[in-house]
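Chemist: Pasting the sequence and the predicted model now:
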Amino acid sequence: MVNQVKTPEERLQELGIELAEPREAVGNYVGCVRTGNLIFTSGQGVDQYHGKLGEDLTVNDGYAACRQSMINLLSVLKSELGDLSKVKRIVKILGMVNSTPDFTQQPKVMNGASDLLVDVFGERGKHARSAVGMAQLPNNTAIEIEMVVEISE
């Protein structure tokens, strides 16, 4: 019996995740830029979670917000590529966490995005990462994430 590798779309379906159309840009920019075999995404916040980690939101709330932000980013990639199997490697993600000055658990919050990438892409989803606290983010969103992706075509 041949062990078949599942596509990223099949993994998303197993996880109960349906990708929507990418969110509209709220300024004079695009959702992503492709140059050579790299895609750089714009930052994606979330509509569901607002406020500061360490004051208004828990680490678990932040984890869920990061997971949702990554779903938003995967929607951008799917729209650009047509097929997530073209993702060769998630290179790097940058997570900005709207947090109080004494909140230090940004890495735990960002695991919501990182865990989803590994669930969807396996080894190709393991990436370099930065998780930083911010004094404020647009529209008081809890988090914003951007990423760099290597593609094959």
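Modeler: Nice, thanks for sending it over.

Chemist: Can you mark which positions in the helix or strand of the chain with the lowest mean pLDDT are buried?
Modeler: Lowest mean confidence among the helices and strands of the chain (mean pLDDT, DSSP states H and E): helix 8-14, at a mean of 95. Using 16 or more other C-beta atoms under 10 Å as the test for burial, helix 8-14 gives 8-9, 11-12. Using the backbone N, CA and C atoms, a C-beta is placed for each residue, glycine as well.

Chemist: What of stretch 49-68?
Modeler: Neighbour-count burial for stretch 49-68 flags 49-50, 52-54, 57, 59, 61-68 (criterion: 16+ other C-beta under 10 Å).

Chemist: for the least confident helix or strand of the chain, packing partners?
Modeler: Contacting helix 8-14 under the criterion 3 or more C-beta pairs under 8 Å, 6 or more residues apart in numbering; DSSP states H and E are the following elements: helix 106-121.

Chemist: Extract the C-alpha set from the helix it packs on and format it as CSV.
Modeler: Extracted in CSV, the C-alpha atoms of helix 106-121 (Å, rounded to 0.1, in the frame of the first residue of the first chain):
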residue,chain,number,x,y,z
GLN,A,106,4.4,36.8,22.8
PRO,A,107,6.0,33.6,21.7
LYS,A,108,3.2,31.5,23.3
VAL,A,109,0.6,33.7,21.5
MET,A,110,2.4,33.3,18.2
ASN,A,111,2.4,29.5,18.5
GLY,A,112,-1.2,29.8,17.2
ALA,A,113,0.1,30.7,13.8
SER,A,114,3.2,28.4,13.9
ASP,A,115,1.3,25.3,15.0
LEU,A,116,-1.2,25.8,12.1
LEU,A,117,1.5,26.1,9.5
VAL,A,118,3.1,22.9,10.6
ASP,A,119,-0.4,21.2,10.7
VAL,A,120,-1.0,22.3,7.2
PHE,A,121,2.4,22.0,5.5
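
Chemist: contacts for the least confident helix or strand of the chain?
Modeler: 6, 18-19, 74, 83-85, 87, 119-121 (C-beta atoms under 8 Å, 6 or more residues apart in numbering).
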